[in-house]
Structures are given as structure tokens and as C-alpha cells.
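Engineer: for reference, the sequence and a predicted model appear below.
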Amino acid sequence: MSFRFCSLFSGSSGNASYIGTEKTHILIDAGLACKTIEKSMKEIGLDPSMLDGILTTHEHDDHIRGAGVVSRKYNVPIYANQETWEAMENKIGNISSNNIRVFNNNMDFYIKDINIQPFDIPHDAVSPVGFCFFNKGKKISIATDLGHTNSRIINTVMDSDLVVLEANHDIEMLKAGSYPMHLKKRIMGRKGHLSNEDAGLALVKMIKGKLTHVLLAHLSKQNNLPQLAYNTVVEVLEANGIKNGKDIVVDMTYRDRVSNFYHLG
Ligand SMILES: [Zn+2]
Ligand SMILES: [Zn+2]
């Protein structure tokens with residue numbers, strides 16, 4: 001029995017990831033149209049009718065766009081905290097009451113054989129969270145849409161086997177780019193998005209645990225390039241004596257296609 005993870009698509013344009021075991025199938029966010037979610041699940045041999053739940057990190061469109069349709073079409077429960085439910089209710093349409101599930105931040109719960117621990121992250125949404133997932137001694141964590149990391153977040157995710165970490169933008173590309181100043185400030189702010197360099201620096205701290213794999217996620221289309229994100233993170237790691245491919249494996253997610261499909265254990 002293996003614990004599985006695959007990013008279906010990731011970026012400021014839309015986000016969804018699959019996490020599962022043989023018994024349990026979960027989506028983390030549903031940020032593009034139902035059709036796109038169906039297509040990308042099919043690519044990895046899965047179907048939305050198998051889903052046991054859709055977890056919601058926060059109410060921004062790039063995380064919830066398809067959630068209502070998938071829930072209605074396939075009768076799938078949506079999980080979110082109370083504040084996020086209130087903020088997204090009028091965006092995702094009518095959800096049948098038996099598919100409305102509410103969790104509390106920083107309190108763990110189960111979907112079948114997967115234990116889920118939501119944790120607070122600093123981002124400009126009502127009550128945004130990252131998640132840690134546990135199954136048979138393996139741990140997978142997801143932390144995207146965060147303006148900065150702190151020791152609480154580092155400690156929460158550092159003993160994961162696999163971490164999905166935001167590498168949103170290259171600072172120089174963002175500064176030189178065409179975004180209006182208020183948007184640049186928002187992205188760079190304490191509740192905005194994590195830069196490539198900050199992702200590298202966070203990883204240097206996380207790697208003191210048992211972490212072996214990282215997937216860089218939520219790349220900006222305007223202010224980043226996959227190769228640049230990868231190179232910057234690897235450079236920061238190597239400047240701190242950490243070898244990519246030996247001490248840790250750095251891998252990518254993509255805005256328009258599925259990532260590698262990880263099977264742990
Ligand atoms: Zn986002
Ligand atoms: Zn967001």
C-alpha cells in the first residue's frame with residue numbers, strides 16, 4: 001500500500017493536487033474548471049467519481065474555481081474551515097449540506113486512512129492553511145500561498161518525506177515586470193507569496209529533518225520561469241552545503257500538466 005501524491009496543475013493560474021492511498025482519494029484545491037480536473041486525473045489513471053473529498057486551502061479563485069462543479073457532479077464533500085466557507089460560499093454555488101465539511105485550523109482529522117493536519121499560513125485570505133498528511137509512518141506536506149515562513153511552519157513540515165513548497169517569483173523579474181506597484185507590494189509582502197530565494201532558504205532549514213523530496217509549486221507565469229526557480233533553489237541549497245540529488249531531490253510542478261507521480265512506502 002502506498003501513499004501517493006501528484007500535482008495536477010500548479011501556478012497562479014490554478015491549483016489542484018491529488019493525494020491518496022489504495023482506499024482514499026483526495027483533491028487539495030480545485031482551482032481550474034471541472035473539465036481540466038477530469039482530464040488531468042485521467043492522465044494519472046484516476047477519476048473524480050473516486051474522490052472522498054476536496055480540501056480547500058483558502059478562498060482565492062485559483063484554488064476553488066472547479067470545487068463547486070466537481071462536488072455537485074460527483075457528489076464529493078468539500079472540506080474548509082468556517083471562515084473560508086463563508087468567504088467562498090457565494091463563489092462556488094450551492095453545495096448540498098451533506099457535502100459541507102468544516103475543519104478547525106491546527107486540529108487534525110481523518111478522511112478514511114489519511115490523517116490530515118491543517119496549519120495556519122501567512123497569506124492575504126480570511127484563514128489560509130497548509131496541510132500535513134500522514135499515512136503509515138509517511139508524511140507529505142503542502143505549503144503554498146505564503147508570504148513568508150516562520151519557525152512554526154518550518155517545524156510543522158520539516159519531518160515530511162515530501163514537501164510541496166511555493167516558489168512563486170523571482171524578485172528581480174517581479175520588480176522589473178509590468179505589474180502595478182500595489183500588486184508587486186502585495187506579492188512581496190508578509191502575506192503575499194514566497195520567492196524562489198525564500199523557498200531555498202526555507203528548505204535549508206527544513207532539510208534538518210528527514211525530508212528527501214521537494215516539489216516547487218505555485219510559480220507565477222509573469223514573474224518566474226521554471227528553470228529559474230529550479231536553479232535559484234538549487235543554488236541556495238548548494239551555497240549551504242546541501243547537494244541536490246543526494247541530500248534532497250528538487251522537482252517541479254507545472255501550470256498546465258501533471259507532475260511526477262510519487263509513491264511513498
Ligand atoms: Zn494561489
Ligand atoms: Zn492565494
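Structural biologist: Alright, I've got the coordinates. Ligands and ions are numbered 1, 2, ... in the order given.
Engineer: how far does stretch 88-99 stretch from one end to the other?
Structural biologist: Its first and final residues considered, stretch 88-99 spans 14 Å by C-alpha to C-alpha, to the nearest Å.
Engineer: can you check stretch 257-265 too?
Structural biologist: Note: stretch 257-265 ends 25 Å apart using C-alpha to C-alpha.
Engineer: what residues of it count as buried?
Structural biologist: 258-259, 262, 264 (16 or more other C-beta atoms under 10 Å). Bear in mind the C-beta positions are built from the backbone N, C-alpha and C, glycine included.
Engineer: ok, stretch 140-155 next?
Structural biologist: In stretch 140-155, counting by 16+ other C-beta under 10 Å, buried: 140-149, 153-154.
Engineer: before we move on, back to that, redo the buried residues of stretch 257-265 as JSON lines? Include pLDDT, secondary structure and distance to ligand 2.
Structural biologist: Shown next, in JSON lines, are the buried residues of stretch 257-265 (pLDDT from 0 to 100; DSSP: H, G, I helix; E, B strand; the rest coil; distance: C-beta to the ion, whole Å):
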{"residue": "258", "pLDDT": "98", "secondary structure": "coil", "distance to ligand 2": "21"}
{"residue": "259", "pLDDT": "98", "secondary structure": "coil", "distance to ligand 2": "19"}
{"residue": "262", "pLDDT": "97", "secondary structure": "strand", "distance to ligand 2": "24"}
{"residue": "264", "pLDDT": "95", "secondary structure": "strand", "distance to ligand 2": "27"}
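Engineer: flag every residue of the protein that's near ligand 1.
Structural biologist: Residues of the chain found near ligand 1 (C-beta under 5 Å from the ion) are 62, 145.
Engineer: all helices for the chain, in order.
Structural biologist: 34-43, 61-64, 67-74, 82-92, 151-157, 171-176, 181-188, 196-206, 226-239 (DSSP state H).
Engineer: wait, which of the buried residues of stretch 140-155 is closest to ligand 2?
Structural biologist: Ligand 2 has its nearest neighbour among these in residue 145, at 4.0 Å by C-beta to the ion.
Engineer: quick one: low-confidence parts of this structure?
Structural biologist: 1 (pLDDT under 70).
Engineer: pretty sure residue 10 contacts residue 17?
Structural biologist: Yes: assessed by C-beta atoms under 8 Å, residue 10 is found in contact with residue 17 at 7.3 Å.
Engineer: pull the CA atoms of stretch 64-75 into CSV?
Structural biologist: In CSV, the C-alpha atoms belonging to stretch 64-75 read as follows (Å, rounded to 0.1, in the frame of the first residue of the first chain):
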residue,chain,number,x,y,z
ILE,A,64,-11.7,27.0,-5.8
ARG,A,65,-12.8,27.6,-9.4
GLY,A,66,-13.8,24.0,-10.0
ALA,A,67,-14.7,22.9,-6.5
GLY,A,68,-18.5,23.5,-6.7
VAL,A,69,-18.9,21.8,-10.0
VAL,A,70,-16.8,18.7,-9.0
SER,A,71,-18.8,18.5,-5.8
ARG,A,72,-22.2,18.6,-7.5
LYS,A,73,-21.3,16.4,-10.5
TYR,A,74,-19.6,13.7,-8.5
ASN,A,75,-21.2,14.1,-5.0
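Engineer: residues touching it, excluding its own?
Structural biologist: 14, 16, 27, 29-34, 36-37, 48-49, 51, 54, 56, 76-78, 88, 91-96, 99 (C-beta atoms under 8 Å, 6 or more residues apart in numbering).
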